[in-house]
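Engineer: next come a sequence and a model predicted from it.
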Amino acid sequence: MSKLVIVSGLKPTGELHIGNYLGMLKQAAELQNSGKYDCFYFIADYHSLTVKYKPEEKKREILNMAVDALAAGIDSEKSTFFLQSAVPEHANLAWIFNTITSVGELERMVEYKEKISGGETPNVGLFDYPVLMAADILLYKGEFVPAGEDQLQHLELTRTIVRTFNKRFGKIFKEPRGILAKIPRVMSLDDPTKKMSKTLPKGCLYLSDSPQIIRRKIQSAVTDSYKNIVYDFEKRPAISNLILIYSEFSGIPIPDAVEKFKSANYADFKKDLAEVVIKALKPIQEKRNKIATNEDKVFEILSKGAKKAEVVARQTMDQVKEKVGLL
């Protein structure tokens with residue numbers, strides 16, 4: 001019996017932080033290692049072009065993302081790991097999906113509306129981003145997609161595209177389902193009302209941060225005016241965010257972590273939290289440093305993955321072209 005297919009992309013923009021790791025990479029490695037799935041993980045370099053960038057910096061970001069993914073547990077022997085742009089069928093299928101997707105559906109996308117309401121004039125690539133995402137998934141007949149809550153609307157559009165295509169041309173795609181990360185979104189250390197973001201470095205713990213930087217950032221993290229440690233994101237978001245991070249990196253369930261620190265003050269708790277994060281990131285950082293010294297090996301892995309992905313992508317495109325009436 002064939003395995004279920006999982007597809008997920010990593011957008012190479014800036015440095016990875018612990019929210020990226022806990023929200024996607026850690027889960028991706030676990031899904032891959034379960035042996036239950038056929039995993040396609042790619043560097044979404046086409047998607048990353050929708051914002052302004054410098055070409056030389058972009059090349060470095062793409063390579064860094066590949067190195068980070070491998071260091072965080074993506075195994076090219078267990079998953080198909082490749083560059084999106086190395087498989088032209090991604091763009092080819094997106095164009096066909098463009099012809100069956102209405103402008104109105106794309107205008108309803110929250111990310112696009114936020115750009116408009118903020119006074120920006122998004123480029124066509126950002127407007128059309130969800131259609132390319134649908135092509136990314138369906139090119140490999142993806143059935144499950146690890147996704148954060150902010151990606152669920154895009155995934156629902158993918159499901160709409162499947163229904164439209166199957167009804168008009170004949171069924172070849174299944175509607176993919178999202179696999180939500182097991183943890184809530186990791187919030188910024190200096191503003192627990194905002195998601196941890198690469199654009200807010202003071203509130204962000206990068207995977208590459210040194211022990212000294214991690215200790216400093218955690219010690220300066222916002223808490224609240226209470227003295228006891230609880231987990232209640234609605235009423236006590238700042239301390240709850242720190243407890244969540246502690247639980248994920250220590251492996252201790254949240255209720256047990258709260259019980260452990262019920263008599264501790266914030267300073268002592270933060271000190272323990274910093275050491276837990278440092279210990280958990282150490283093997284990732286060591287592996288990353290080793291991988292980064294052999295760029296040729298990284299390119300070899302990506303090239304090998306692209307060749308594997310291309311076989312599946314061509315099969316799907318052959319089916320699609322036949323269905324839509326192309327020679």
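Structural biologist: Yep, that arrived.
Engineer: use CA for all of it now, contacts and neighbours both
Structural biologist: OK.
Engineer: burial of the closest residue to Thr193 other than its chain neighbours, as a residue count?
Structural biologist: Nearest-residue entry for Thr193: Met187, 6.9 Å, with adjacent residues in sequence omitted and distances by CA to CA, 6 or more residues apart in numbering. When counting by other CA atoms under 10 Å, one arrives at 23 neighbours for Met187.
Engineer: find the nearest non-adjacent residue to Ala86, please.
Structural biologist: Ala306 (6.2 Å).
Engineer: so which elements touch the helix or strand containing the one you found?
Structural biologist: Secondary-structure assignment from DSSP states H and E places Ala306 in helix 295-324. For helix 295-324, the helices and strands in contact under the criterion 3 or more CA pairs under 8 Å, 6 or more residues apart in numbering; DSSP states H and E are helix 55-71, strand 80-83, helix 89-98.
Engineer: give the buried residues for that helix.
Structural biologist: In terms of neighbour count (16 or more other CA atoms under 10 Å), helix 295-324 has its buried residues at 298-299, 301-303, 305-310, 313-314, 316-317, 320, 323.
Engineer: do stretch 208-217 as well
Structural biologist: Judged by neighbour count using 16+ other CA under 10 Å, the buried positions of stretch 208-217 are Ser208, Asp209, Pro211, Ile214, Arg215, Lys217.
Engineer: stretch 276-287 too?
Structural biologist: Of the residues in stretch 276-287, Val276, Val277, Ile278, Leu281, Ile284, Gln285, Lys287 count as buried by neighbour count, 16+ other CA under 10 Å.
Engineer: stretch 81-101 now?
Structural biologist: When burial is assessed from 16+ other CA under 10 Å, stretch 81-101 yields the following buried residues: 81-87, 89-91, 93-94, 96-97, 101.
Engineer: repeat for stretch 130-139
Structural biologist: If you call a residue buried by 16+ other CA under 10 Å, then stretch 130-139 has these buried ones: Pro130, Val131, Leu132, Met133, Ala134, Ala135, Asp136, Ile137, Leu138, Leu139.
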